[in-house]
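Participant: Provide a 3D model corresponding to the input given below.
(3 chains)
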Amino acid sequence: MSELLVQHKEIVVPGQILAKGMDFFPSFGTYRRNEDIVANRLGLVNLDGKVIKTIPLSGTYLPKRGDTIIARVTDILMSGWRAAIYNSPYESMLMVKEASNDFIAKGADLRQYFDINEFFVAKITNVTSQKLVDLTVRGPGLRKLRGGTLISVNAHKVPRIIGKKGSMVSMIKDATGCRITVGQNGLIWILGEPKQEVIAIKAIKKIEQESFTSGLTDTMKQYLEEATGTKVEMKAKEDEVQQ
Amino acid sequence: MSYERPDGRKHEDLRPITAKAGVIKNATGSGYFKIGNTAAYAGVYGPQEMHPKFLQNPKGGVLRCTYNLLPFAGMGDRVRPGPSRRSKEISLVTEKSLLPVVDLSEYPNAVVDVFIELTETDAGSRCAGICAAAIALADAGIVMKDMVAAVSCGKVAGNVVVDLDYKEEAYEGEVADIPIAMVPSTGEITLLQMDGPVSEEELKQALEMVKPAIQQIVDAQNKAIRDSFGGVKK
Amino acid sequence: MISNDEAKKHLIKALKEGVRLDERKVDEFRELKIEYGVSSTAEGSALVTCGDTQILAGVKIELGTPYPDTPDEGGLMVGMELAPIAHEDLESGPPGINAIEISRVIDRGIRESESFDKKKLCVKAGEQVWTVIVDLLPLNHDGNLIDIGGLAALAAIKNAVFPSIKDGVADYKNKTKDKVELEKLPIPVTVIKIGDSFLVDPTYAEEEMLDARLTVTTMDDGRLCAMQKGGDVPLTAEDVEKMVSLAVERGKEIRKLLG
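Facilitator: Alright, predicted model coming up:
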């Protein structure tokens, strides 16, 4: 007879038996050992019918096609730019033709577009089996970052920081008047009045730390209202891009 | 036989354990493990880019462990800083004790670095280091089919005992010290060393006696990891 | 906070308004916490936490022969290892130039304050003296290693007791109750300059963006006993005055933590 040993959203550790019996199916973060389903990484249990998976709580960022990230130029080559992806073991390439909507002539000084150590928002267009990562900055919201403050957070907390349909990050933007761009790799760019930036950074760190507690949206609303001294409207923007 | 252990423990008893996770903020994952007066910090960084490049493995990530005894952590004189033959060997066997549970196939050419620092020792330091490292690896979100726990067992005054301290290791007479690391769910042994004479029968007895001790350590490791993420959430 | 030229320009703007990104005032330290006796094998030890920086200090007291020119004086050594457990940018290997500088600045502060009587470390003149060796290990590096390391070293020395002597060698298993008497508490305080602003207790990112820094070690009577300037940009005499007075003020407060 099959038996479930954990509850939805419970924290589980590697090697922990989550369910016994063949009626359950292992998904991400779990594996089958004989008739048991066992966790193979630290995470929160997610039950979807008979399918058991875990949502990771920690770890570095593994580049994925379609993700929007913030990267830093480390080298300039003939064909484009090499860029470091923070919180990840892999470097990425931005080819010349993906760097601008305008035509960049052969032999042009590529530093004029992106110089060493500059940060930019890019989308991952391809990841090979050996983790060669290709980027593009052609697309809405993709650009070089000028000014502002960059902070690094646990990449696995990014969905919580963005919130449902961007609701959480919108709330912080509205309350502080800051421009905020969140990279899936855990790099976050904030630009605003210094005092407002401090509030926005603190809010983001708070979400990172308390990401697994319930009622976080209300906690954050209250925090932002107290910190900024203004009423915070909660509106889930349907059209919010993850920025 | 009525062998009385120097600290009054029963033969199968462990010394008091303190285990913590998430103790080093900059690390991807970290752990602290203290048993009696032997304590280790472990910090995991990565998977990250592997340097030097010739050590990269295109088929998967590499696990690299570094064990270090701090200058003030030895029982006697100050220990000269820097790697020694002893610390290099322990780094090696630590790596081998953790590797069987760790899966880095998703991370070609990358490295997971595990740095272990012993802050005080009263025997059993490699085992404490392995326990701290396993907590740190789990905390870092590394894919692991199970935890690993380690403790020494051995023979003192003709008696099989678990978790020898320095006084027992220094017992005048026959002493055998057997550090063991184990995968708790399968009972597979990933570290096995011994110095000192034992019979086949005594070794068998020691391997039996170590199993419940290993389970006790795993429970402490798991509790530490859960606690650092706010415990069990309903 | 992650630094490059753009980030530095942005930080200078915020600092002009007196705003630091972790909410602190420019002349404010992060919360400091001292935990004593954290290593049973050391003769003395302490763990000092300052924000996200955490440094472990352990003292060993060894018996040795004195130098011929100072036959009745013992010695003191302070060393820090910048091991990779504390930050992803640190690497394994022998101490690099940064670790050596930090060690020497802390060591110099304690030495020059003459905070302990080296003659009291003499066991038998010309034959046997004690050497006090402090080893420092940052467990987590978020800046200001000199100040926090200096405090950790003093805390660990304060916590230390001499081993006993048996048959002419140190018997570490039987410690005495004799303490290493610290007559003065030399406190290093580092002030950094970014743009036109002066900051104390810099974080890792703030240190990466500094133009200049000045470590000033002060004694109980308010006098200075050691200094070290760092960074690529020169300081004016007015800069130095401002930085010294900041260091003296903060030094007084930190000294109180050592009770």
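
Participant: can we go C-alpha only for contacts and neighbour counts from here?
Facilitator: Will do.

Participant: per-residue confidence at B:Met1?
Facilitator: Reading off the confidence values, B:Met1 has pLDDT 54.

Participant: what residues does chain B put near chain C?
Facilitator: B:24-27, B:37, B:42-45, B:71-78, B:82, B:115-116, B:119-121 (CA under 8 Å from any CA of the partner chain).

Participant: What parts of chain A come near chain C?
Facilitator: So far as CA under 8 Å from any CA goes, chain A lies against chain C at A:117-118, A:146-152, A:194-195, A:197-198, A:201-202.

Participant: Could you double-check that C:Met77 sits in contact with C:Leu136?
Facilitator: No: checked against CA atoms under 8 Å, the pair C:Met77 and C:Leu136 is beyond contact range at 10.9 Å.

Participant: more crowded one of the two?
Facilitator: C:Leu136 (29 against 17; other CA atoms under 10 Å in any protein chain shown).

Participant: show me the contacts for that one.
Facilitator: Shown in contact with C:Leu136 (CA atoms under 8 Å, 6 or more residues apart in numbering or on different chains): C:55-58, C:78-81, C:149, C:152-153.

Participant: how about the residues you listed in JSON lines, adding secondary structure, pLDDT and distance to chain B?
Facilitator: Compiled in JSON lines, those are given as follows (DSSP: H, G, I helix; E, B strand; the rest coil; pLDDT from 0 to 100; distance: CA to the nearest CA, whole Å):
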{"residue": "C:Ile55", "secondary structure": "strand", "pLDDT": "98", "distance to chain B": "11"}
{"residue": "C:Leu56", "secondary structure": "strand", "pLDDT": "98", "distance to chain B": "9"}
{"residue": "C:Ala57", "secondary structure": "strand", "pLDDT": "98", "distance to chain B": "9"}
{"residue": "C:Gly58", "secondary structure": "strand", "pLDDT": "98", "distance to chain B": "6"}
{"residue": "C:Val78", "secondary structure": "strand", "pLDDT": "95", "distance to chain B": "12"}
{"residue": "C:Gly79", "secondary structure": "strand", "pLDDT": "96", "distance to chain B": "10"}
{"residue": "C:Met80", "secondary structure": "strand", "pLDDT": "97", "distance to chain B": "10"}
{"residue": "C:Glu81", "secondary structure": "coil", "pLDDT": "95", "distance to chain B": "8"}
{"residue": "C:Gly149", "secondary structure": "helix", "pLDDT": "98", "distance to chain B": "16"}
{"residue": "C:Ala152", "secondary structure": "helix", "pLDDT": "98", "distance to chain B": "14"}
{"residue": "C:Ala153", "secondary structure": "helix", "pLDDT": "98", "distance to chain B": "13"}
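
Participant: Can you name the next helix or strand after the helix or strand bottoming out on mean pLDDT in chain B?
Facilitator: Least confident helix or strand, chain B: helix B:166-169 with a mean of 94, by mean pLDDT, DSSP states H and E. Following helix B:166-169 in sequence order, the next helix or strand is strand B:175-183 (DSSP states H and E).

Participant: what residues does that following strand touch?
Facilitator: Taking CA under 8 Å, 6+ apart as the rule, strand B:175-183 contacts B:97, B:101, B:124, B:126-127, B:130, B:146-157, B:164, B:168-169, B:188-198, B:214.

Participant: now the stretch 1-150 of chain C, which segments are flagged as low pLDDT?
Facilitator: Scanning the stretch 1-150 of chain C with the threshold set as pLDDT under 70 gives no residue ranges.

Participant: Can you tell me which residues in it are near chain B?
Facilitator: C:39-42, C:52, C:58-60, C:62, C:84-88, C:93-94, C:135, C:139-141.

Participant: Can you name the residue of chain C nearest chain A?
Facilitator: C:Met1 (4.3 Å; CA to the nearest CA).

Participant: so how many other residues sit close to that residue?
Facilitator: Neighbours around C:Met1, by other CA under 10 Å: 18.

Participant: now do the one 4 residues further on
Facilitator: For C:Asp5, the tally of surrounding residues (other CA under 10 Å) stands at 12.
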